[in-house]
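Peer 1: Here is the input, now give the coordinates:
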Amino acid sequence: MLVFIITLFADICMSFDDLSIVTDDGCIFAGIIVVFFKVMIFQTRHEKIKRLLRKIVGSCIELCKFPIGVEGEILDKYLLLCRVTFYGFSVLGFFLVIALLFVVPVENGELPVRAQYPFDTTVYPWHGIGFFIEACTVSVGVIAIIMMDSLLTNLCNLFLVQLEILNAHFKNCGSNDCCEKDNYDPDAIRCGGFTERFGRSIRNHQRLLAIIDDFNEVFSAGMFVQMLSSTSMICLTGFQATLSRGQIVIRASLCFEQVIGQSSNTLKFAVYLMAALSQLFYICWLGNEVKYQSASLTQSQWLSKWNDDISAKPGRLLILSIIFSRKAINLKAGVFYALSMETFTAVSISSKTHR
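Peer 2: As a prediction, the model looks like this:
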């Protein structure tokens, strides 16, 4: 991957006066850089990631120790979402590899991706070596980004699971039919009072806040590079798609094969654009859902029937919990962005303007 990045960057530098080549190489360069950066994050912070994963799973287990009956439905909903997005991004990645390596026609022994190697890639065996480097880098890069992003988005989905369960738990704190199993006596069933249930939910909320802070510390830099990469790819692919459409019209009367080649380029850049937009949209949507579910906690706490208890303790707990809930929970992309649909809209509009 590092060899491919160097050769690709060399080609960009040597062809800097040709805008079509620079933008073509730039799309691939932006994509491979974010893969390389995320791989480095996973390599250098793998111990932190493992501890974070244990904390998140442990937090889910603690939250579900006192079920109220909706936990299974919430888990099934987000499990289905995880499966759909994983298979969807896998199919998109497959088409991206095919489009990049085999759809675009090449001439005179050229490689699928322009790059400057220290040997002549138009003759045997150097052509095979160059193609092997590019095929391995693209294939392994796409697989790596799917695996890493799947882990990252699944962690975000676990945040959503816990926030939605917390909302349900807060609303049911005043319910008289909310009974639980006794941890020390499996055959005994006990119904905790409002204060006990509400206090337990507050502790679960505080644990989740700390975990999300750890998540941002580990992954916010990768999210920021992802934002920059997706923005660059949207700009460059949009420019290339527009350029290719114009060339198709101009060359249609000259050579039919050139029209086919330009159509293939348009298809390739359409897959690039779809990959960049879908990846950016999904992480921003997850961040937006986390923000929305966390903001809903205040309303859920108010609907917990705290006023049915005549003692002063429920009121004090409510005030304390609302103070904690006022802290916005955001998935961050560096120090500049909070992942949300507003961020996605702003980035999309900015990319269109720059294009």
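Peer 1: From Leu331, how far off is Gln199?
Peer 2: You called it Gln, but residue 199 is Gly. In this view, Gly199 and Leu331 are 27 Å apart by CB to CB, to the nearest Å. All C-beta atoms are positioned from the backbone trio N, CA, C, and that covers glycine.
Peer 1: who has more neighbours, the two?
Peer 2: Leu331 (26 against 18; other CB atoms under 10 Å).
Peer 1: Excluding chain neighbours, what is closest to that one?
Peer 2: Gly287 (4.0 Å; CB to CB, 6 or more residues apart in numbering).
Peer 1: Could you do Leu318 as well?
Peer 2: Nearest one to Leu318, counting by CB to CB, 6+ apart, is Trp306 at 5.0 Å.
Peer 1: And for the residue nearest to Leu331, the neighbour number?
Peer 2: 26.
Peer 1: Strands along the stretch 51-200 of the chain, start to end?
Peer 2: 180-181, 189-190 (DSSP state E, counting those that start in this stretch).
Peer 1: rank these by pLDDT, which is bottom?
Peer 2: Lowest mean pLDDT within the strands of the stretch 51-200 of the chain: strand 189-190, a mean of 46.
Peer 1: give the contact list for the one residue sitting closest to the centre of the chain.
Peer 2: By CA atoms, centre = their mean, the chain has its centre lying nearest to Ile283, at 3.8 Å. Ile283 sits next to 149, 152-153, 156, 223, 226, 331, 339 when contact means CB atoms under 8 Å, 6 or more residues apart in numbering.
Peer 1: What of Leu280?
Peer 2: Per CB under 8 Å, 6+ apart, neighbours of Leu280: 226-227, 230-231, 234, 344, 347-348.
Peer 1: Mind doing that once more with 7 Å?
Peer 2: 230, 344, 347 (CB atoms under 7 Å, 6 or more residues apart in numbering).
Peer 1: Which of those residues has the largest number of neighbours?
Peer 2: Busiest of the contacts of Leu280 [other CB under 10 Å] is Ser230, holding 26 neighbours.
Peer 1: Would you mind confirming that it makes contact with Gln279?
Peer 2: Yes: with contact defined as CB atoms under 7 Å, Ser230 counts as touching Gln279 (6.1 Å).
Peer 1: Return the backbone torsion pair for the closest residue to Ala168 other than its chain neighbours.
Peer 2: Distances taken as CB to CB, 6+ apart put Val70 closest to Ala168, at 5.0 Å, once the chain neighbours are dropped. Backbone torsions of Val70, given as degrees, to the nearest 10, read phi -100, psi -10.
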